[in-house]
Structures are given as structure tokens and as C-alpha cells.
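Colleague: What follows is a protein structure lacking sequence information:
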């Protein structure tokens, strides 16, 4: 066997044992800790909660206004459907 290849095998073995193996173990420990300690959700600050309350109130107000608009549209549609056809065809003076 070639003496260069024997030295190469020894250097790679020492490098693996003393450098790569501890790095692999530390990486495994980090992964293990992250898996066993899931990240807790952050508590909302006062500004965010206040803004969410304002948005909810705004959405509720918009929903009421949209309901009023649709109720008015239903009323006008009902009135238009109850009008006689002859009255619709007659020209206005």
C-alpha cells in the first residue's frame, strides 16, 4: 500500500473523531431542545389588542350598514315588482 494513502486514512479518522463527531452531537442537542420546547406564542401588547378591538367595531358597523342597504334594495325591488305594467309603459308628462 502507498504510504500517502495510510496517512490520509489516519488524518481523516482523527478529523472525524475529534472535529466532526462533536459538531454532530451539538447539532443533535440543538434539534432535540427545539423539539422538546415548542415556542410559546407571544402575548399581544396593548396597542395591538386596542387596534383589533377597533377593527372589530368597524367591521360590525359596516355589516349593519350593508344590511340596511340590502334591506332598502329589497324594498325598492318589491315596490317596482308591484307596479302595474301599464304604468311602466306610459310615458311621463
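Modeller: That came through, no problem. All of these numbers come straight from a predicted model, not from anything done at the bench.

Colleague: three-state assignment of the residue nearest the centre of the chain?
Modeller: Centroid-nearest residue in the chain, with C-alpha atoms, centre = their mean: residue 41, separated by 13.9 Å. Using DSSP: H, G, I helix; E, B strand; the rest coil, the structure places residue 41 in coil.

Colleague: Do a quick rundown of the strands in this structure.
Modeller: With strands called from DSSP state E, the chain shows none.

Colleague: pull the longest helix from it.
Modeller: Identified as the longest helix of the chain according to DSSP state H is helix 46-82.

Colleague: So which elements touch that one?
Modeller: Packed against helix 46-82 by the contact rule (3 or more C-beta pairs under 8 Å, 6 or more residues apart in numbering; DSSP states H and E) you find no helix or strand. Where C-beta positions appear, they are placed from N, C-alpha and C, glycine not excepted.
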